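Asks: Can you look at this prediction? I've put the sequence above it.
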Amino acid sequence: MATATPIETSTERMLISGNQAVALACLHAKVSLGTGYPGTPSTEILESFDALGGRAQWAPNEKVAMEVGLGAAYAGAKVLVTMKHVGVNVAADPLFTAAYTGVDGSLVMIAADDPGMASSQNEQDSRRYAVAAGVPMFEPSDSQETYDMTLAAFQLSHTHQMPCILRMTTRICHSKTIVVPNETDATRYIAEIKWERDIPGRVMVPGYARPAHRRLRKKLDEMAVASDNCPFNYVSKGDGSSKRGIITSSISYVHAREAAPDCDILKLGMSYPLPMNMIRQFIEEHDDVICVEEGDPYLVEQIRAVNLPVDGKDEMYRFGEFDVARVKRILANDTTEEEAPPKGKPPQLCTGCPHRNVFEILRDLGCIVAGDIGCYTLGVLPPFTAMDTCVCMGASVGVGLGLRHVLPDEQAKKVVSVIGDSTFVHSGLTGMAEMVYNPPKTGHVLMILDNGTTAMTGQQEHPGTGRTLDHEPTGKIDFETMARAMGIERVYTIDPVKSTGAVETTLKECLDSNELSVIVTRRPCILAAGKIKEWETAATEKCGCDCQPTAD
Amino acid sequence: MNTNGKVTNVVIAGLGGQGVISASNILCEAAFQTGFDVKKAEVHGMSQRGGSVTTDVRFGNTVLSPMVPRGEADYLIVMTPEEIDRARGELKEGGVMITPDNVEFFDLPSARSMNVALMAVLSKHLDTIPTDNWVHAIKSGLKEKLHDTNIALFETIRSA
C-alpha cells in the first residue's frame, strides 16, 4: 500500500525502497517541484518527497504533470515528474517535443515499469520511449543506484539541457536495500529560477522545430560519448573461470550477478544512448556474450543494429519478471516449460466496499459493462463478473460509446460505461465531451463510481476530492456540475449503500430513456472513510465557519 | 544457522491486510540494525485487496538479488493456514516453516499481533540478531500505542 513511511535522513546507511531513494535524492538535490499521477509501482515517490518536506503535488494525469514540469523547467527549476509505465503513454505527447525544446533547469521523469504485471494492464517496456523520443535514460539496480542515478540524471539533464528518464521497475521501486547518501554530490548544481524569452527554442512551429530536431540529434551524439565515460556503465568481473560475458541492466543485473559468479558482466546504468565503444570492446574480449534483460529485447536489438554479435534470451523469457532461477535458465538456454507458480488467492473488492452493490446491479440487469482502471476493475471477478472491457485510463467512456454506435439496438441499450472518480478526472472528461458531441442513437449511460479517493494505489487525493497531495483543502471539481455544463440533462447522485434500490431504478430508467445520462454513485472508500472524515474536520476547523465541506 | 558468507532467506506469506509487510519490515530492520546487508522485495497494489501477499527478506554479508529463489527459503513464515499449500514450495529441503500453530498456546492480545508472534518464533532461530535489535525494530515498525503489548508478546514467546 502506498503510505508515506517517514524516513529519517542521515549520512549513514539507511534501509529504504527505491521510491524512497528517489525522494531522498530529490530532497538532497533541492528539487524545486515534484509532480505526477499515482500509479503502482511509482506512487510512493511523491508521497515520500512530500513527507521529507519537498514540494510535491498530484496532477490530474501524467500529460498535465509533464507539461507543468516542463513549464517549471523552462523557468530554470529542477523538476521531478513521476508515473508508472502506462502513464508514459499519456505523457508521451509533451515528452517527444520536450526532447526538441530541451529545458533550462532540469527535468527527470520517472518511468516505473511493471514486468509480470503485479498491478497493471500491460507489461510494456518503457526503455523504448527513450529511443523513440530521443531522451537519455538511466536504469538503477538497487536503492543506492537509484539515489545516485537520480542525482546524476538531474546533473545530465542540466548539462545537456535535456529531459532525462530514470527507468525503474517494480522490484527497484518496492525493494528495500541499503543506501548511504552523499549530500555533497547532490548539490553540485543548484537551480536558478529565471525567465528568459527563447522563441525559436521553445515555440515548436515547423520553422523552429526543424532545427530543434537537428539540435536534439547532436545532443544525443554528445551523450553517446558521455555514456562511454559514464561511471554507471562498468564491467563487474567474474571469478575468471568463464570466458563468457553478460550484458545487462536494471534488476536483471543483481539476478545475473548471483546466477553467474563465473562470468564478467557489462553492467549498463546509462542505457540510452548506449556506450557502444564499451560494448564493442566487451564483446571483443569475450568468447560469447549474451544480453540478460527483462521485458523486450531492447539491448539485443540495439547492439545487433550496429553489427555486433550478441545472443539474446529465448522469446519465452519476454514474459514476466526475472529472478535468479530464470536467469540461470536463460544462461543455460533452457527452453523447457517452466513450472507455473501456484495460484494465490485473487484480490477482491473489500467487504463493505460501496462498489459491490453497483456491480451486483450491473450483473443482475445483464448490462454490457465498459470498465476502467481502478479497484472497481475487480468487478470483473466472481461473484459479480460484471465487466466486459478494461483497456486504459478513461477507455470506459469511448469504448462504451463505440459499442453503442454499432451494436443492434437491443444490445446497445444495455451498454454502460463505468469509471472511478480519479480515473474520470484523469481521462474521462474528454470521453464525456465525445458522448455529448457524437451521441449514439440509443443514448448512453456513464456511471461514475465516486469513492472519494484514488483507492487502488493507496488512497491518493485528486482534483475531485478537493484536497491536495498532503490533504489540505483546495479547489474541487464537481462532476455533476461538469456533466450538466457539457449539456447532459439526466444527472443523478446516489449513495450506493444507503439507496441501493435507487441505483437500480435510476439505472433502468436511464437505460430505457435513449438519452445521455450520468449517474454518480457517491460513498467514500471503506478504507479511506475515517481519514477523509478527519481531513474534512481539520479543514472545517481551519476555515473557522460552520460550513460542511462533505461529499454528501 | 550460518550467516557467515551465506545469505539467510526468509519468505513471509499471507493475505492482504494480515500484516505481512509489517512483519517483513520488522525482520529487515532487526537484521539491518545488526549490521547485515539486507534486501527486501514485495509486491504492492492489486494484491493488497485481500489477495495473497508474499514478501522476501534476505540478509547476510552481501546480498545480490532481492528475491528469494523459489525453493531456497531457509525460513517460511505463513500467517494463515489457508496460504500454507500455496507457499510451501518456497521452502528449501530441511527449511523451517513457522505457522500460527507454533503460537497456539500463547495469548495473543489481538489477531493483528500474529505477525509479531511469528517473528518472535523466527527470532529464536536467528541467534545472530540480538533481542535489543528486535525490540528496536518492533518499535520502528508499529504505531506507538501498540509497542507495549507487542514487545511483551515478543519477549514472552522468544523466552519460552
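Replies: Perfect, thanks for sending it. Fair warning: this is a prediction, and the values are worked out from it, not measured in the lab.

Asks: Show me the shaky parts of the stretch 1-150 of chain A.
Replies: Across the stretch 1-150 of chain A, residues meeting the criterion (pLDDT under 70) sit at A:1-11.

Asks: Would you pull up the residue in it closest to chain B?
Replies: Closest residue of the stretch 1-150 of chain A to chain B, Cβ to the nearest Cβ: residue A:119 (2.7 Å). C-beta coordinates here come from the backbone N, C-alpha and C atoms, glycine included.

Asks: And what about that residue, helix, strand or coil?
Replies: coil (DSSP: H, G, I helix; E, B strand; the rest coil).

Asks: so it sits right up against residue A:38, yeah?
Replies: No. With contacts counted by Cβ atoms under 8 Å, residue A:119 stays clear of residue A:38, the gap being 11.4 Å.

Asks: Which one of those two is surrounded by more residues?
Replies: residue A:38 (27 against 20; other Cβ atoms under 10 Å in any protein chain shown).

Asks: can you pull the contacts of that one?
Replies: A:2, A:58, A:422, A:454, A:457-458, A:460 (Cβ atoms under 8 Å, 6 or more residues apart in numbering or on different chains).

Asks: Which of these sits closest to residue A:345?
Replies: Using Cβ to Cβ, residue A:458 is the member of these that lies nearest residue A:345, at 19.9 Å.

Asks: Thought residue A:41 was touching the closest one, still the case?
Replies: No. Residue A:458 is beyond contact range of residue A:41, at 11.0 Å (criterion: Cβ under 8 Å).

Asks: quick one on the thing from earlier: and the residue of the stretch 1-150 of chain A closest to chain B, its phi and psi?
Replies: Taking degrees, to the nearest 10, you get phi -160, psi 50 for the backbone angles of residue A:119.

Asks: The contacts of residue A:38 in strands, which ones?
Replies: residue A:58 (DSSP state E).

Asks: Okay, and which of the contacts of residue A:38 map to helices?
Replies: Among those, the members found in helices (DSSP state H) are residue A:422.

Asks: got the residues of chain B near chain A?
Replies: By the rule Cβ under 8 Å from any Cβ of the partner chain, the part of chain B lying against chain A is B:15-16, B:21, B:28-29, B:32, B:37-52, B:54, B:63-67, B:69-70, B:82-83, B:85-86, B:89.

Asks: Among the residues you listed, the buried ones, what's the ChimeraX command?
Replies: Buried members of the residues of chain B next to chain A, defined by 16 or more other Cβ atoms under 10 Å in any protein chain shown, are picked up in ChimeraX with:
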select /B:15,16,21,28,29,32,37,38,39,40,41,42,43,44,45,46,47,48,49,50,51,52,54,63,64,65,66,67,69,70,83,86
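
Asks: in the stretch 301-450 of chain A, which spans are strands?
Replies: A:368-370, A:415-420, A:444-450 (DSSP state E, counting those that start in this stretch).

Asks: go on, chain B?
Replies: B:8-15, B:37-42, B:52-60, B:73-78, B:91-98.

Asks: Alpha carbons of stretch A:339-359, as CSV, please.
Replies: The C-alpha trace of stretch A:339-359 is given here as CSV (Å, rounded to 0.1, in the frame of the first residue of the first chain):
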residue,chain,number,x,y,z
GLU,A,339,6.7,-24.7,-13.7
ALA,A,340,3.9,-22.3,-13.1
PRO,A,341,3.9,-20.8,-9.6
PRO,A,342,0.9,-21.9,-7.5
LYS,A,343,-2.0,-19.6,-7.9
GLY,A,344,-2.6,-17.4,-4.9
LYS,A,345,-5.9,-16.1,-3.7
PRO,A,346,-7.0,-13.3,-6.1
PRO,A,347,-7.7,-9.9,-4.7
GLN,A,348,-11.3,-8.8,-4.3
LEU,A,349,-13.5,-5.8,-3.6
CYS,A,350,-13.3,-5.3,0.2
THR,A,351,-16.2,-6.3,2.4
GLY,A,352,-18.3,-3.2,2.8
CYS,A,353,-16.9,-1.7,-0.4
PRO,A,354,-19.6,0.6,-1.9
HIS,A,355,-18.7,-0.6,-5.4
ARG,A,356,-20.1,-4.1,-4.5
ASN,A,357,-23.7,-3.0,-4.7
VAL,A,358,-23.2,-1.3,-8.0
PHE,A,359,-21.7,-4.4,-9.6
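
Asks: Now do the buried residues in it.
Replies: Buried residues in stretch A:339-359 (16+ other Cβ under 10 Å): A:344-345, A:347-350, A:353-359.

Asks: Which residue, other than its chain neighbours, is closest to whichever residue of the stretch 251-400 of chain A sits closest to chain B?
Replies: As assessed by Cβ to the nearest Cβ, chain B sits closest to residue A:344 within the stretch 251-400 of chain A, at 2.7 Å. When the adjacent residues along the chain are set aside, residue A:344 lies closest to residue B:52, with 2.7 Å between them (Cβ to Cβ, 6 or more residues apart in numbering or on different chains).

Asks: same check, this time on residue A:404
Replies: residue A:440 (3.5 Å).

Asks: most neighbours per residue, which of the strands of the stretch 301-450 of chain A?
Replies: Greatest average neighbour count among the strands of the stretch 301-450 of chain A goes to strand A:415-420 (a mean of 29), per mean count of other Cβ atoms under 10 Å in any protein chain shown.

Asks: Average pLDDT for the helix or strand harbouring residue A:184, rounded please.
Replies: Taking DSSP states H and E as the definition, one finds residue A:184 inside helix A:183-186. Averaging pLDDT along helix A:183-186 yields 72.

Asks: what's the answer for stretch A:427-437, then?
Replies: Mean pLDDT, computed over stretch A:427-437, is 98.

Asks: Ok, stretch A:167-176 next?
Replies: pLDDT averaged over stretch A:167-176 gives 97.

Asks: And for stretch A:314-327?
Replies: For stretch A:314-327, the per-residue pLDDT averages 96.
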